[in-house]
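Asker: Mind looking at a prediction? Sequence and model below.
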Amino acid sequence: MNNPASWEWIRDGRSRPRVVVLAAPNRPRVEQELKGILQIIERHAEIVAVDKSFSYEFECCESDLVVVLGGDGSILQSARQMCRQQRPVLGVNLGKLGFLAAISPLRFVDLWPDVCEGRFSVTNHLMLQCQVYQGDTELHSLIGLNEASVLGGPPYTMMYIDLYIDAVLATTYACDGLIISTPIGSTAHNLSAGGPILRRNLQAFVISPISPHTLTMRPVVDTADRIFDLIIRVDHPTASVVVDGRVVCHFSRDLRVRISRASDTFQLISVPGHDDYQALREKLGWSGKPRLT
C-alpha cells in the first residue's frame with residue numbers, strides 16, 4: 001500500500017480529495033445507481049464534476065481522483081479522455097464483464113472512506129502511443145490502453161503488413177489483420193486472436209497476427225521499450241488503423257503506423273483481495289475441472 005502522505009490532497013493539508021465522476025451515458029443501470037453513489041462520494045470528497053457524456057476536459061482540472069461508473073469500455077474511455085492528465089481511477093462495475101471496473105456498488109460503499117483517507121495503492125499500467133505518418137508529417141496521434149490494430153472489412157482479402165522493430169525489418173505478415181496490445185489489452189482482442197495473456201504490470205507488448213497464412217507466424221512478446229513501425233505493402237480498400245476500438249484512419253501504402261510506449265501510465269486503484277488470477281478465474285472463466293479418481 002502506498003504511503004497515505006504521498007497523495008496530493010493529504011500533502012496539501014486537505015481532508016477531502018477532489019473527484020471527477022465519469023458515468024457511462026445511456027446505461028439504465030448507471031442512471032439507477034448514480035444518485036446513491038454520488039451521495040456516498042460527497043460524504044468524504046468534493047465532487048468537481050459529474051460527466052455523463054464523456055466530454056469533460058481534464059487539462060485545467062484540479063482533481064485528485066476519478067471514479068468511473070460503467071464497464072470496461074468506460075475505463076478505456078476514461079484513459080483516452082484524461083490523455084496526458086492521468087489521475088488514479090476507481091472503477092465501479094455497472095456493466096457486464098467488469099475486468100477492469102472491478103468493484104460492485106455495494107463494495108464501493110465500504111472501500112470509499114479508505115480511498116479518501118489515502119489508504120490505497122495504485123498500479124501503473126502501460127499505455128501505448130499510436131502515431132500515423134505520411135512521410136515525415138504526423139497525421140494522427142492517440143494513446144491507447146488496450147491495443148492498436150490494423151483491421152480490414154469487406155472485401156475480405158489478405159493483407160501484407162511489414163513490421164519493423166527499432167527501424168529493422170522483423171517480418172512481413174500475410175494475414176487478416178495485426179494487433180499490438182498492452183498487458184491490459186492481452187485479455188481483449190489479443191486473447192480472442194489466440195495471443196498470450198500477460199500479467200498486467202509487465203512492461204511488454206504482444207504482437208498477434210489475425211488468421212496468419214503461414215503456420216510459423218505466431219504471437220510474439222517483446223519489451224515495451226521497442227518502437228514498432230507498420231507499413232502495408234498492397235493497398236486494401238478497407239484496411240483501417242484502430243486504437244481501442246476507435247477507427248483512426250484508412251491505412252494505405254503511403255502511410256506508416258508507429259506504436260511505442262506512451263509517456264504516461266494508466267493509474268488504476270488496486271482493490272484489496274482482487275488479483276490478476278482471480279480476475280481470470282471469475283471474469284474470463286479460466287478454471288479447469290480436473291477429473292478426480
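Answerer: Everything's here; your move.

Asker: Leaving out the residues flanking it, which one is nearest to the residue nearest the centre of the chain?
Answerer: The chain has L145 as the residue nearest its centroid, 2.6 Å off, counting by Cα atoms, centre = their mean. Excluding its sequence neighbours, the residue lying closest to L145 (Cβ to Cβ, 6 or more residues apart in numbering) is A79, at 4.2 Å. The way it works is simple: take the backbone N, C-alpha and C, and place the C-beta from them, glycine included.

Asker: My guess is that neighbour contacts F266. True?
Answerer: Yes. Between A79 and F266 there is a contact at 5.0 Å, judged by Cβ atoms under 8 Å.

Asker: if we can go back for a sec, show me the contacts for the residue nearest to L145.
Answerer: By Cβ atoms under 8 Å, 6 or more residues apart in numbering, A79 lies in contact with Q86, V89, M127, I143, G144, L145, D244, F266.

Asker: Now the third one. Nearest residue, chain neighbours left out?
Answerer: Excluding the flanking residues, the one nearest M127 by Cβ to Cβ, 6+ apart is A262, at 4.0 Å.

Asker: can you check the last one too?
Answerer: In space, and not counting its chain neighbours, F266 is closest to H125: 4.3 Å by Cβ to Cβ, 6+ apart.

Asker: What residues does that neighbour make contact with?
Answerer: L145, T182, P183, I184, R200, N201, T265, F266, Q267, L268.

Asker: what does the model give it for pLDDT?
Answerer: In this model, H125 is scored at 96, pLDDT.

Asker: what about it, distance to G73?
Answerer: From H125 across to G73, the span is 16 Å (Cβ to Cβ, to the nearest Å).

Asker: Give the bridge partners for the closest residue to L178 other than its chain neighbours, please.
Answerer: Leaving aside its sequence neighbours, L178 sits nearest to V150 (Cβ to Cβ, 6+ apart; 4.8 Å). In this structure, V150 bridges to L178, V241 when assessed by DSSP bridges.

Asker: Just send the contacts of A79 back as TSV, with secondary structure and distance to S252 too.
Answerer: As requested, those are exported to TSV (DSSP: H, G, I helix; E, B strand; the rest coil; distance: Cβ to Cβ, whole Å):
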residue	secondary structure	distance to S252
Q86	coil	32
V89	strand	36
M127	coil	26
I143	strand	23
G144	strand	21
L145	coil	26
D244	coil	22
F266	strand	31
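
Asker: which one of these sits closest to D110?
Answerer: V89 (18.3 Å; Cβ to Cβ).

Asker: give me every residue that touches the closest one.
Answerer: V89 is in contact with L65, V66, V67, V68, I75, S78, A79, F266, Q267, L268, I269, counting by Cβ under 8 Å, 6+ apart.

Asker: Apply 7 Å and report the result again.
Answerer: V66, V68, I75, S78, Q267, L268, I269 (Cβ atoms under 7 Å, 6 or more residues apart in numbering).

Asker: before we move on, what about V92?
Answerer: V92 touches I37, V67, V68, L69, A101, I103, P105, F108, counting by Cβ under 7 Å, 6+ apart.

Asker: Turn those residues into a markdown table, including distance to D136.
Answerer: Output for the contacts of V92, formatted as a markdown table (distance: Cβ to Cβ, whole Å):
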| residue | distance to D136 |
| --- | --- |
| I37 | 48 |
| V67 | 42 |
| V68 | 38 |
| L69 | 43 |
| A101 | 40 |
| I103 | 46 |
| P105 | 50 |
| F108 | 48 |
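
Asker: Check pLDDT for the residues you listed and point me to the minimum.
Answerer: A101 (79).

Asker: tell me the contacts of it?
Answerer: By Cβ under 7 Å, 6+ apart, the residues touching A101 are V68, G70, G71, D72, S74, I75, G91, V92, N93, G95.

Asker: How many neighbouring residues does the fifth one have?
Answerer: Other residues lying near S74 total 25 when counted by other Cβ atoms under 10 Å.

Asker: same thing with the second one?
Answerer: Residue crowding around G70 was assessed by other Cβ under 10 Å; the count is 25.

Asker: Can you tell me how far it is from V89?
Answerer: G70 is 12 Å from V89, by Cβ to Cβ.

Asker: Please apply the same query to the fourth one.
Answerer: Look at D72 and V89: by Cβ to Cβ, they are 12 Å apart.

Asker: picking that back up, what sits against the residue nearest to L178?
Answerer: Per Cβ under 7 Å, 6+ apart, neighbours of V150: M159, I161, G177, L178, L230, A239, V241, F251.
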